[in-house]
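>>> what follows is a protein structure lacking sequence information:
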């Protein structure tokens, strides 16, 4: 066994590979050092940076990704399309994972692999910067390690994605599955009804496929107490935390709780 220190480490992916749970913190706007540090201090493993519904300055995003890694977190970034100018650049900026929103077709997944992975798996261009912590590194060794370390997450949020789940999850490079229940509910005709029985059933269909392939997946409905969490863990669910709520929802909840004694 090699005693060499890995050139790239993805803490969240290592946990998932070992069958352990990963707790994600969803960040929409607050790309600040305090957010990364507090997320790490409170036990989160992964930051999921929203890049579909908000606009980010490239420099600010890079700084945040580097800070997250320096605090032992695995930063992943949501992208709208699996294109080279988005996927490869975000990874070069320090992201350890990509979450493809509105995943619906195998072509999308193949394109995502193409721009996430170095040759011979894909066609990602090589640069040594934030992605390798600005260290000098053996290129061949780094590319091999990076191909195995980067986290490829599919976000299912349409009926087409549900219908194609079997083929989508059959790609060997898919690492995890999450949901966009808001969009899924809307596209199924149940706007705002994230926990409508038909919406939950659709997510459960995908969950069963994921579990049959030993793929990490989040629950259709997040646990409301420790007992429900233990039941979901026993079932094989691995992704938890705050992957669907933005950081300002948590701020609102805490602020409301602090004000409750005055009302």
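Structure received. Owing to the predicted nature of the structure, the values given are computational and were not obtained by experimental measurement.

>>> every contact and neighbour count from this point should use C-alpha atoms.
Will do.

>>> could I get the full set of helices for the protein?
11-17, 33-41, 58-70, 84-92, 106-116, 139-149, 159-163, 165-168, 181-187, 197-212, 226-235, 247-259 (DSSP state H).

>>> just how off-centre is the last one within its chain?
In other words, helix 247-259. How far helix 247-259 lies from its chain's middle: 24 Å, per Cα atoms, centre = their mean, to the nearest Å.

>>> ok, and what's touching that helix?
With contacts defined as Cα atoms under 8 Å, 6 or more residues apart in numbering, helix 247-259 is touched by 25-30.

>>> please apply the same query to the first one.
Contact partners of helix 11-17, identified using Cα under 8 Å, 6+ apart, comprise 21-22, 45-46, 72-74, 149-151, 216, 238.

>>> could you dump these to TSV with distance to residue 125 and neighbour count?
Output for those, formatted as TSV (distance: Cα to Cα, whole Å; neighbours: other Cα atoms under 10 Å):
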residue	distance to residue 125	neighbour count
21	32	21
22	29	23
45	28	25
46	25	30
72	26	18
73	24	26
74	21	27
149	16	20
150	15	23
151	17	24
216	28	25
238	32	22
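
>>> farthest-separated two in these?
72 and 216 (20.3 Å; Cα to Cα).

>>> report the buried members of the contacts of helix 247-259.
Buried members of those, scored by 16 or more other Cα atoms under 10 Å, are 25-29.

>>> distance of residue 139 relative to residue 127?
Distance, residue 139 to residue 127, by Cα to Cα, to the nearest Å: 9 Å.

>>> can you lay out the helices of the chain as TSV showing distance to residue 51?
Converted to TSV, those look like this (distance: least, Cα to Cα, whole Å):
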stretch	distance to residue 51
helix 11-17	20
helix 33-41	17
helix 58-70	10
helix 84-92	10
helix 106-116	16
helix 139-149	21
helix 159-163	20
helix 165-168	22
helix 181-187	16
helix 197-212	23
helix 226-235	29
helix 247-259	14
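
>>> now those in a markdown table, with distance to residue 99 and mean pLDDT?
Listed next are those as a markdown table, based on distance: least, Cα to Cα, whole Å; pLDDT from 0 to 100:
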| stretch | distance to residue 99 | mean pLDDT |
| --- | --- | --- |
| helix 11-17 | 13 | 97 |
| helix 33-41 | 19 | 96 |
| helix 58-70 | 15 | 96 |
| helix 84-92 | 10 | 95 |
| helix 106-116 | 10 | 98 |
| helix 139-149 | 14 | 96 |
| helix 159-163 | 14 | 96 |
| helix 165-168 | 14 | 98 |
| helix 181-187 | 15 | 94 |
| helix 197-212 | 16 | 97 |
| helix 226-235 | 22 | 97 |
| helix 247-259 | 18 | 93 |
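
>>> about what we covered before: just flag the most distant two among the buried ones among the contacts of helix 247-259.
Pairwise distances across the buried ones among the contacts of helix 247-259 (Cα to Cα) peak at 12.4 Å, for the pair 25 and 29.

>>> for residue 52, which of the helices of the chain is the nearest?
Residue 52 sits nearest to helix 84-92 of all the helices of the chain, at 11.7 Å, using Cα to Cα.

>>> got a list of contacts for stretch 23-36?
39, 43-51, 53-54, 56, 60-61, 64, 67-68, 71, 73, 239-247.

>>> repeat the analysis, applying 7 Å as the threshold.
Residues outside stretch 23-36 that contact it (Cα atoms under 7 Å, 6 or more residues apart in numbering) are 44-50, 54, 61, 64, 67-68, 239-247.
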